[in-house]
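Colleague: Need coordinates for the below:
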Amino acid sequence: MAHRDIQQSRHRSVRYALLAVGWLSVVLGVIGIFVPVLPTTPFLLLAAACFARSSKRFYRWLVEHPRLGPWIRDYLDGNGIPLKGKVYAITLMWASIALSCYLVQRPWAWAFMLTSAVLVSLYILRQKTLPAR
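Modeller: Residues are numbered from 1 along each chain as shown. A predicted model of the protein is given here:
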């Protein structure tokens, strides 16, 4: 997998922050396996990205994990994202963007958030859809 060659951060504080976000993402991803409204794949991909930049040991553990690893490896190997993962990721992203736009009454912030949401949605939709197992 090409992502193993990602350069780790040189700054200790950045590595610790990435580790914290990575572990939080693992926890949310595992919860998402059991809770239908919480996506699994996006959280595990985020955890893998954080670990790749902070701890090779934790990255290897996650990617090679017998239960969690396949979610990540399928994406990294170019096999795609499960349809359920795509739907949850896009739905939750748009829900959080809508809430943010409601709470932040600034047109320039709306433009930034909506543009980001459209671009991320397009990116997710353009990824291969992993066939159901």
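
Colleague: What mean pLDDT does the biggest helix by length in the chain get?
Modeller: With secondary structure taken from DSSP state H, the chain has its longest helix at helix 12-34. Mean pLDDT, computed over helix 12-34, is 91.

Colleague: quick one, domains of the protein?
Modeller: Domains of the chain are assigned by the TED database as 12-77, 83-126.

Colleague: Mind putting those domains into CSV with mean neighbour count and distance to residue 132?
Modeller: For the C-beta atoms, the positions are set from N, CA and C on the backbone; glycine is no exception. Below are the domains of the chain laid out as CSV (neighbours: other Cβ atoms under 10 Å; distance: least, Cβ to Cβ, whole Å):
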stretch, mean neighbour count, distance to residue 132
domain 12-77, 17, 12
domain 83-126, 13, 7
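
Colleague: in the protein, which segments are predicted with low confidence?
Modeller: 1-6, 36-37, 133 (pLDDT under 70).

Colleague: mind running it again at 50?
Modeller: For the chain, applying pLDDT under 50 flags the ranges 1-3.
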